[in-house]
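Novice: Have a look at this prediction, sequence included:
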Amino acid sequence: MKLKKFGGTEKKVYDLVKPITDELEYFLWDISYVREGAMWYLRVFIDRDEGIGIEDCEKVTAPVSSVLDEADPIQQSYVLEVGSAGLERELVREEHFQACIGDTVRVRLIRSINGIKEIIGELKGFDKECVTLLTQDGTEESFSLGDIAFVKLYFDISSI
């Protein structure tokens, strides 16, 4: 896995949106600017400890839309979407890993290691080369980013 870096447009938007989400007490999880078919989509993903509801998305959308209209950082037309990062969001940026230390994650490996392709455990550490987990059997294991397909927060549906 490679850590995701912001593209130029995403970075411009991030810099415009971050003060708004900070002021409204939301965590700006990610910015995505993608083309799907003939349309461009600018997606702003937010989070907070209490979770995100539709009211939160509405609360963030109006000021974000206003600042983007004023700054006009994107030349072509696009659809703005503000949404939750999701319960089982993928960790793709360094700050995601840092924010999730101590949380339960699911790591999917590219190839099986000792017959195991997926591991669930507590995220204990992260650096630019590896992810360290405290596994469910109590052992601490590190995995090279090059061996990982993805890392996602883990939500046990049976717990609700």
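Specialist: Cool, the structure landed.
Novice: CA only for contacts and neighbour counts going forward, please
Specialist: Fine.
Novice: Can you show me the strands along the chain?
Specialist: Using DSSP state E, the strands assigned to the chain run over residues 27-36, 39-47, 79-84, 104-113, 116-126, 130-135, 140-144, 148-153.
Novice: I'd like those strands as TSV, with distance to His96 appended.
Specialist: Shown next, in TSV, are those (distance: least, C-alpha to C-alpha, whole Å):
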stretch	distance to His96
strand 27-36	7
strand 39-47	11
strand 79-84	14
strand 104-113	12
strand 116-126	10
strand 130-135	12
strand 140-144	17
strand 148-153	10
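Novice: Of all these, which one is nearest Glu95?
Specialist: Closest to Glu95 of the strands of the chain is strand 27-36 (C-alpha to C-alpha; 8.8 Å).
Novice: Strand 39-47 and that closest one, what's the angle between them?
Specialist: Between strand 27-36 and strand 39-47, the angle comes out at 160 degrees (axes from the mean of the first three to the mean of the last three C-alpha atoms, to 10 degrees).
Novice: Pairing partners for strand 27-36, with directions?
Specialist: Here strand 27-36 is paired, per DSSP bridges, with strand 39-47 (antiparallel).
Novice: Quick one: closest of the strands of the chain to Lys2.
Specialist: strand 148-153 (8.9 Å).
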